[in-house]
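Q: requesting a structural model of the entry that follows:
(chains A and B)
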Amino acid sequence: GQQLNQSPQSMFIQEGEDVSMNCTSSSIFNTWLWYKQDPGEGPVLLIALYKAGELTSNGRLTAQFGITRKDSFLNISASIPSDVGIYFCAGRGYGGSQGNLIFGKGTKLSVKP
Amino acid sequence: GAVVSQHPSWVICKSGTSVKIECRSLDFQATTMFWYRQFPKQSLMLMATSNEGSKATYEQGVEKDKFLINHASLTLSTLTVTSAHPEDSSFYICSARDGKRAQETQYFGPGTRLLVL
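A: You can find the predicted model right below:
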């Protein structure tokens, strides 16, 4: 079946630093979504990507849909303490049940003030 | 942005009882809703997909008689954990897909934490 690898698993950074995380899939995806989850809450959609090569920003966040359709990255610039949380990538491939997203295992971000 | 609510946010129950969790899309019509389960420090595990007016599609290994799903309207889906046991304790999260949008986007509810004693 389709597999999705997300890295890194965790990051410890200093406030103000830039952050980069990525996801790769074993097969082609037609959608990439990036979510952030705070403890005890549901994931919140940050950025949605639907086209190969697409680069989309949301404030200090930037995400790109890889040209090969098998990867995506999320960058956070000038990190702040409230960026702390777990970031999940999710992708949807061609075929299979419509709407079934596959989730990465998450990147836990810690920001030191 | 799209809003999805869940109720209750947390529940504690005795073993053997049934628990119902509601998922509502507040400002859009959700033709499809999804139920996930999340264990501590792990990713989301899809349990089932529910389409309005039809039977839910369960993922492999998920007991449909134990986790009853009803999607009676375009804004409401319910998950009932029947005869709950301690191993059912988990964080249950629903998500909803906006039926009017051509592109795939799922919006998540805030989750329901279930503790079975």
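Q: if I look at the closest residue to residue B:64 other than its chain neighbours, what pLDDT would I see?
A: Counting by CB to CB, 6 or more residues apart in numbering or on different chains, the nearest residue to residue B:64 once its immediate chain neighbours are dropped is residue B:58, at 4.8 Å. Backbone N, C-alpha and C define where each C-beta goes, glycine included. Residue B:58 is assigned a pLDDT of 93 by the prediction.
Q: the one 5 residues further on too?
A: In this model, residue B:63 is scored at 93, pLDDT.
Q: if we can go back for a sec, residue contacts, the residue nearest to residue B:64?
A: Residues in contact with residue B:58, defined by CB atoms under 8 Å, 6 or more residues apart in numbering or on different chains, are B:47, B:48, B:64, B:67.
Q: the last one and residue B:47 touch, don't they?
A: I take that to be residue B:67. Yes - counting by CB atoms under 8 Å, residue B:47 is a contact partner of residue B:67 at 6.1 Å.
Q: the contacts of residue B:58: which two are farthest apart?
A: The most widely separated members of the contacts of residue B:58 are B:47 and B:64, with 9.8 Å between them, by CB to CB.
Q: who's more crowded, the two?
A: Counted by other CB atoms under 10 Å in any protein chain shown, residue B:47 and residue B:64 do not tie: residue B:47 has more neighbours, with 24 against 13.
Q: check the gap between that one and chain A for me.
A: 12 Å (CB to the nearest CB, to the nearest Å).
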